[in-house]
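1. my questions concern the predicted model and sequence given below.
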Amino acid sequence: EREREKYTIKGQSMLWLVLYNLFDLLVSTDGQGICDNAPTPALRITCQQITNWDANTRAVRPTVRALVSAPGTAGISPLGVGISSVATSTTPSTVYDCLDIACLCGFFGGTGGSSCTLPNGRTLSKAIRKEFRVMTDDERQNYITAMWTIKGNGDYDEIGRIHSQFITSPGAHSGPAFLPWHREYIKRLEIALRRVDPSIALPYWDSTLDSSLPNPAQSCIWGNELMGTQGSGGSVTTGAFRNWLTVDGSRVFTRNIGGTGNLLRDSDIQTILSSSDFRTLLAFTAPQMGCPNPAPWTVLEYVHGGPHVFTGGDMLITTSATNDPLFFSHHSMIDNVWELWRIAQQSRSQRETQYPSDNSLCSSTSHFANTTMAPFFPKVNLDGLSNAYTDNLYQYDPRPTCTSSNLNGCRSKYLFCDLSHGSPRCASKINIGGTCSGYTNNEDRCYLGQCINNICAMAPTPTPTTQPPTDTTTPVAPSQETCYNEQQCCALWASRGECSRNPTYMNLWCKASCGVCTPTTYDLSTECSDRSARCAEWAQRGECRSNPAWMTENCRQSCNACGTTRSQACGGSLSQFFQFSQHSISTRNHGDSCSKNSFSFFQTSLVPASRPSKS
């Protein structure tokens with residue numbers, strides 16, 4: 001049985017390599033030349049995926065902070081009204097947009113703003129992201145439970161799908177937006193987890209702890225207590241996330257641990273941290289012929305592909321990688337390395353301003369500094385450099401280290417201090433049955449076992465197992481809507497086919513009507529309603545007048561906008577439109593903030609929205 005499994009896995013590995021050789025046929029000549037020069041198989045596979053992603057996204061029209069084309073002719077709305085530039089307001093409209101504790105506090109039902117006290121009396125503070133094995137047993141189990149909770153309520157799958165589509169997330173790969181895009185992306189998963197349990201932080205997976213072992217595939221990270229490994233068919237049926245379904249729910253996610261590729265190495269990280277040039281972090285990894293600054297093979301986007309390839313299965317393919325829960329911990333580590341570099345090599349002001357010059361020979365326009373960080377509207381790529389992420393929301397616990405005088409510095413029962421390979425360093429313990437040769441200082445390197453004849457053998461105490469929770473006492477976070485249109489003409493435009501004719505605009509401004517997301521707390525077809533429980537509060541505060549586009553779509557009842565249907569407001573003649581704009585609101589309650597400045601209200605009603613403040 002073990003021999004058959006060995007050959008099955010080996011066959012899967014060969015199949016992936018054959019597939020990636022075939023991918024060469026899909027990439028540009030420039031990309032082929034670059035990837036052919038990759039020094040390792042893992043880098044070649046990573047390069048091919050990066051180049052393919054770039055080739056696909058160059059056909060996607062990005063949105064920048066400039067004139068955008070709304071449905072109609074060349075920036076003119078169907079009513080003949082000019083559409084202004086993209087709103088630059090970053091006022092949070094959903095909990096996922098938050099960049100500080102005060103913002104989270106409001107969405108979590110707390111009080112006190114930045115000194116937030118939650119309804120249960122506990123304090124909401126910055127998340128401390130620890131290495132997965134350094135977490136306490138309780139912290140780790142709480143994280144696992146929360147992951148299963150957001151898997152069950154759909155939040156994980158909704159977030160996971162974002163990474164799978166180049167047309168909606170063009171800047172996720174293949175250029176300098178790679179790091180800021182993923183920083184914003186994994187922040188959103190962490191917020192989803194904290195909605196379940198505010199004490200939780202997204203752990204990072206430091207795969208350098210595994211790469212130094214005689215066989216990294218035998219690390220205890222792949223054991224039944226932690227991340228588990230695949231069975232003979234590739235499906236992961238052991239570990240804390242055993243039988244976890246893919247984001248489309250069609251099957252159990254897969255791995256092919258160690259089939260090919262390599263994990264992060266300390267030398268990789270030191271090479272990155274020693275560079276003083278920001279363009280080696282925010283790098284041009286898919287350059288065309290003539291790009292003056294093509295990335296070397298040591299840049300972080302290239303190097304980060306090694307663990308994807310090593311883990312194999314779903315993690316190997318960009319569009320399926322988030323099927324594996326390990327994806328987010330791997331990218332938490334990549335974000336950690338980037339933050340270590342920022343602290344070591346940049347001033348605070350440089351961290352927020354240094355970004356490569358726009359050059360279409362070096363990247364697609366999706367990576368330009370002021371291009372919208374799709375689909376995280378209204379952020380642009382430069383916004384991902386903000387210090388606010390680590391100032392306010394999270395910070396990283398130091399990577400595990402040890403010395404000859406402090407063998408317990410690794411701070412985990414799953415790690416040991418390796419004294420036999422140069423300077424002391426922390427390494428993952430080895431699973432029972434794994435190779436433990438090459439150590440000369442009697443290190444305690446076998447997890448729940450001992451090294452006998454260079455093989456880890458079972459100790460008298462049986463290995464415990466961690467079962468994925470089937471029932472949890474952790475309450476599911478109350479439903480909180482995140483899917484909205486940005487203005488009231490979206491449904492009409494969608495019915496006229498604009499979602500397919502003008503996807504660049506529509507997928508940003510009309511997400512609900514175009515099916516980019518699905519509302520969970522309101523009926524999209526209802527003509528007169530408030531789609532948020534806070535509409536009355538916002539109307540009282542004057543948002544109907546200051547943010548008319550968003551409010552007339554989503555808070556129609558509180559803004560007294562129900563006297564005219566969306567079709568009448570958006571689909572009539574130009575003269576009807578101005579007649580409506582001058583008279584319809586004036587007949588409403590003049591004490592309401594919605595009744596002020598009617599001409600300005602409707603003149604801007606088709607302008608891209610800024611969303612209500614949640615303060």
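-> Okay, I see it. Numbers count the residues shown, from 1 in each chain.
2. C-alpha from now on. contacts and neighbour counts both.
-> Will do.
3. before we move on, which element is the most centrally placed residue in the chain in?
-> The C-alpha lying nearest the average C-alpha coordinate of the chain belongs to Y185 (CA atoms, centre = their mean; 2.2 Å). Element membership of Y185, judged by DSSP states H and E, is helix 178-196.
4. would you mind writing the CA trace of that helix as CSV?
-> Output in CSV follows, covering the C-alpha atoms of helix 178-196 (Å, rounded to 0.1, in the frame of the first residue of the first chain):
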residue,chain,number,x,y,z
PHE,A,178,1.8,41.8,-5.5
LEU,A,179,2.8,42.6,-1.9
PRO,A,180,0.4,45.4,-1.1
TRP,A,181,-2.5,43.5,-2.8
HIS,A,182,-1.9,40.4,-0.6
ARG,A,183,-1.5,42.6,2.5
GLU,A,184,-5.0,44.0,2.0
TYR,A,185,-6.3,40.5,1.0
ILE,A,186,-5.1,38.5,4.1
LYS,A,187,-6.1,41.4,6.3
ARG,A,188,-9.7,40.7,5.3
LEU,A,189,-9.5,37.0,6.2
GLU,A,190,-8.1,38.0,9.6
ILE,A,191,-11.0,40.4,10.1
ALA,A,192,-13.5,37.6,9.2
LEU,A,193,-11.8,35.5,11.9
ARG,A,194,-11.9,38.3,14.5
ARG,A,195,-15.6,38.7,13.9
VAL,A,196,-15.9,35.2,15.3
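5. same for it, what does it pack against?
-> Helices and strands touching helix 178-196, by 3 or more CA pairs under 8 Å, 6 or more residues apart in numbering; DSSP states H and E, are helix 137-152, helix 155-162, helix 326-345.
6. of the ones you listed, which is nearest Q218?
-> helix 326-345 (16.7 Å; CA to CA).
7. please report how far the closest residue to N224 other than its chain neighbours lies from F328.
-> Spatially, and ignoring its direct neighbours in sequence, N224 is nearest to G239 (4.0 Å; CA to CA, 6 or more residues apart in numbering). Distance from G239 to F328, counting by CA to CA, to the nearest Å: 16 Å.
8. go on, S199?
-> The spacing between S199 and F328, counted by CA to CA, is 18 Å.
9. got the domain boundaries for this structure?
-> According to automatic domain parsing, the chain comprises the domains 1-87+127-205+242-399, 89-125, 490-603.
10. would you convert these into a markdown table that also reports mean pLDDT?
-> Formatted as a markdown table, the domains of the chain follow (pLDDT from 0 to 100):
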| stretch | mean pLDDT |
| --- | --- |
| domain 1-87+127-205+242-399 | 87 |
| domain 89-125 | 90 |
| domain 490-603 | 70 |
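11. I'd like those domains laid out as TSV, including distance to P424.
-> Output for the domains of the chain, formatted as TSV (distance: least, CA to CA, whole Å):
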stretch	distance to P424
domain 1-87+127-205+242-399	13
domain 89-125	34
domain 490-603	50
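12. which one, of the ones you listed, ends up nearest to A459?
-> domain 1-87+127-205+242-399 (20.6 Å).
13. these two touch, right, Y355 and L382?
-> Yes. Between Y355 and L382 there is a contact under CA atoms under 8 Å: 7.4 Å.
14. mutual contacts of the two, please.
-> Among the neighbours of Y355, those also in contact with L382 (CA atoms under 8 Å, 6 or more residues apart in numbering) are A369.
15. which SS state does N224 fall under?
-> Here N224 is recorded as coil under DSSP: H, G, I helix; E, B strand; the rest coil.
16. count of residues packed around it?
-> The tally of other residues near N224 (other CA atoms under 10 Å) stands at 21.
17. check which helix or strand covers the residue nearest to N224.
-> Using DSSP H and E, G239 sits in no helix or strand.
18. just C417 next, same as before
-> strand 415-418.
19. what's in contact with that strand?
-> With CA under 8 Å, 6+ apart as the criterion, strand 415-418 contacts 133, 402-403, 407-410, 424-429, 439, 443-445.
20. with only the CA atoms kept, save it in CSV.
-> Extracted as CSV, the C-alpha positions of strand 415-418 are listed here (Å, rounded to 0.1, in the frame of the first residue of the first chain):
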residue,chain,number,x,y,z
LEU,A,415,10.3,23.0,17.4
PHE,A,416,13.8,22.2,18.6
CYS,A,417,17.1,24.0,18.6
ASP,A,418,19.4,22.7,15.9
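21. could you point out the helix or strand that follows it?
-> strand 425-428.
22. against which helices or strands is the helix or strand following that following strand packed?
-> Heading C-terminal from strand 425-428, the first helix or strand you meet, by DSSP H and E, is strand 449-452. Where contact means 3+ CA pairs under 8 Å, 6+ apart, strand 449-452 is packed against strand 455-458.
23. elements contacting the helix or strand following the strand it packs on?
-> Per DSSP H and E, strand 455-458 leads on to helix 490-495 as the next helix or strand towards the C-terminus. With contacts taken as 3+ CA pairs under 8 Å, 6+ apart, helix 490-495 sits against helix 566-571.
24. flag every buried residue along the helix it packs on.
-> Within helix 566-571, the residues scored as buried using 16 or more other CA atoms under 10 Å are R566, A569, C570, G571.
25. show me what that helix is packed up against.
-> Judged by 3+ CA pairs under 8 Å, 6+ apart, helix 566-571 is in contact with helix 490-495, helix 574-583.
26. restrict it to CA atoms and write it as CSV.
-> Extracted C-alpha coordinates of helix 566-571, given in CSV (Å, rounded to 0.1, in the frame of the first residue of the first chain):
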residue,chain,number,x,y,z
ARG,A,566,-34.8,53.7,-10.1
SER,A,567,-36.0,53.2,-13.7
GLN,A,568,-37.6,56.6,-13.7
ALA,A,569,-34.5,58.3,-12.3
CYS,A,570,-32.1,56.5,-14.6
GLY,A,571,-34.0,55.7,-17.7
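27. from the chain's centroid, how far away is it?
-> 36 Å (CA atoms, centre = their mean, to the nearest Å).
28. stretch 284-291 now?
-> Counting by CA atoms, centre = their mean, stretch 284-291 comes out at 25 Å from the chain centroid.
29. can you give me the end-to-end span of that stretch?
-> Terminal residues of stretch 284-291 are spaced 9 Å apart (CA to CA).
30. ok, stretch 311-326 next?
-> End-to-end span of stretch 311-326 (CA to CA): 9 Å.
31. tell me the spacing between the nearest residue to W222 once chain neighbours are set aside and G384.
-> In this structure, W222 finds its nearest non-sequential neighbour in G228, 4.4 Å apart by CA to CA, 6+ apart. For G228, the distance to G384 (CA to CA) stands at 33 Å.
32. just Q354 next, same as before
-> The gap separating Q354 from G384 is 11 Å, by CA to CA.
33. and for V309?
-> Taken as CA to CA, the span from V309 to G384 is 26 Å.
34. coming back round to it: need the per-residue pLDDT for the residue nearest to W222.
-> At G228, the pLDDT value in this model is 96.
35. does it sit in a helix, a strand or a coil?
-> Secondary structure state of G228, per three-state DSSP, is coil.
36. would you confirm that it contacts F241?
-> Yes. At 7.3 Å, G228 and F241 qualify as touching, with contact defined as CA under 8 Å.
37. so between these two, which is more surrounded?
-> F241 (28 against 20).
38. now for that one: which residues touch it?
-> I144, M227, G228, P325, P468.
39. kindly reformat the helices and strands packed on helix 178-196 as JSON lines containing distance to F278 and mean neighbour count.
-> Formatted as JSON lines, those follow (distance: least, CA to CA, whole Å; neighbours: other CA atoms under 10 Å):
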{"stretch": "helix 137-152", "distance to F278": "34", "mean neighbour count": "19"}
{"stretch": "helix 155-162", "distance to F278": "27", "mean neighbour count": "19"}
{"stretch": "helix 326-345", "distance to F278": "8", "mean neighbour count": "20"}
